Structures are given as structure tokens and as C-alpha cells.
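Visitor: Structure, please.
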Amino acid sequence: MNATITLLQASIDAGRNLITPILSLSQVFTLLFVVMGPPLKTPLAYYVRMQAFDAATRRSLAIKTAILATVAALIGGFLGLALQNSWQISLPAMLLAGGLIFLLVSLRTVLEQYTSAPAAHPVPDGTVPPRPQAPSAFELAVPMIVTPYGLAGLIILLASSHSTERTLGIVGMLLLVMLLHLLAMLFSGPIVRGIGPLPFKLFGTVIGSLTVGLSVQMMILGYQLLATMPVLSGPISSP
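Guide: Take a look at the predicted model:
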């Protein structure tokens, strides 16, 4: 049993040594920018959900949402890292699992561009529309900002970190992405009214297509790291 744990730990260490040089901090920012939201899709999503409310409500909820999303991402990332180490899940396995989740969600995003919108139901004359209820900060933070594949990407980045300085750099890039989300929500009205919804739909299609390729690249890297793992031969005996 100890031999199995030793080999798994060796594979994790080998994965860290291989993946760390691949991503600079600027590339870490790009990855988090794409998988956490991304911020360029936030203005339209927030505007659609909050356009019926006054400016004070929109501003207050934007701040609460950004804070909650940041806390949720940090807790989820470090909790996932702790569980990964506790369960002895190798970095290649995380890359394959994260890449698969990323691929499925990205394909759904791309295919949604070709589905027709549901038909609107006519409202009978004289009917008073219900007063809209403001969504909670959690509803907006998850999954609009903190996506499942975003958490998977953050866990992989933290798992590949080889030093405290590198980990702090990853956290710094995450905070920068969350700041962009906050600005996107605070100025969602002027942004959407200024450029309209079409650029956001176009951006969603482009990002969806690129993230399909990124997810495949993650799985390819996972397979490459699997090739470097030590291979057990023969039965394992407990000491």
C-alpha cells in the first residue's frame, strides 16, 4: 500500500515539474479570464437580470456578488486542492477530468448559439405583471462567475504550483479577474446600451469555440503526463 502511495506522490511531483513552466502568470490570468465567467460576458448577463431594479440595488448586489464569488472561488480552490492531496488524485487525472468537464460545457455553449429562443407567451389584457424579485448574490456568483470548470481549472493551477510565491501569484490573478467582473457589473448598463447585445453573443461563440480547443489541450497534456508516471509491475505487498 505504501508503494502505491509513493508512486502516486511521485506522479503528482512529476506533473508539477512538467506543467509549471508551461504557464506564466500572464497565461494563468488568460486561463482564469476564460474559465471564470468570463468577464466579457458578465455585462449582458448582469444587465438582463438586473435592468428592472434601481441603480442602488444594482450597485449593492454587484459588490456583494463579486465578494461572494471571490470567497467561493478561493474556498473551492483550496478545498479541492486539499481533497486532491488527501485522496491522492494525480495531476494527470485532474487534467483529464477538468478537460472533460470543460469540453462538455464548451460544446453546450457553442451548440446553444444554434438553438432557437423559446416562444414568448402572450400576457392577457388587464393582467398586472408580478413585481420582480432581486436575485441573491449567490445566484449571480454561482455559476455566472464561479463556473464548475473554472473551479477545476483553479484547482489544477494550484496543484501545479511549486512554491508559495507561485500560489500567491495565482491568487493575485484570480483577484484581478474578480475585479474585472465587479467593474463589468457596475458598468453593465452603459456597456450594454453603448454597444448592444450582438457583440456579446459573437464573443460567446468565439470563446466557446476556443474553449473547446483548450479543453482538448488539457486532456492531451493529461495523457502526456500519464506517460511519465511510474508503472507498477507485479503484486504490491504491504510492509
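Visitor: Only alpha carbons, please: show stretch 179-191 as CSV.
Guide: Output in CSV follows, covering the C-alpha atoms of stretch 179-191 (Å, rounded to 0.1, in the frame of the first residue of the first chain):
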residue,chain,number,x,y,z
LEU,A,179,-12.1,42.9,-10.1
LEU,A,180,-12.9,42.9,-13.8
HIS,A,181,-16.2,41.1,-13.0
LEU,A,182,-17.0,43.8,-10.5
LEU,A,183,-16.4,46.6,-13.0
ALA,A,184,-18.4,44.7,-15.6
MET,A,185,-21.4,44.5,-13.3
LEU,A,186,-21.1,48.1,-12.0
PHE,A,187,-21.0,49.5,-15.6
SER,A,188,-23.2,46.9,-17.2
GLY,A,189,-25.9,49.4,-18.2
PRO,A,190,-23.7,51.9,-20.1
ILE,A,191,-21.7,49.0,-21.7
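Visitor: Not counting that stretch itself, show me its contacts.
Guide: 33, 36-37, 39-40, 42-44, 46-47, 50-51, 58-59, 62-63, 65-66, 69, 145 (CB atoms under 8 Å, 6 or more residues apart in numbering). All C-beta spots, glycine's among them, are computed from the backbone N, C-alpha and C.
Visitor: Tell me which of those residues fall in helices.
Guide: 33, 42-44, 46-47, 50, 58-59, 62-63, 65-66, 69 (DSSP state H).
Visitor: Adding neighbour count, write those out as TSV.
Guide: Formatted as TSV, those follow (neighbours: other CB atoms under 10 Å):
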residue	neighbour count
Phe33	18
Thr42	26
Pro43	24
Leu44	22
Tyr46	27
Tyr47	21
Met50	23
Arg58	21
Arg59	14
Ala62	23
Ile63	14
Thr65	27
Ala66	24
Ala69	26
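Visitor: and which of those residues is nearest to Val212?
Guide: Phe33 (16.7 Å; CB to CB).
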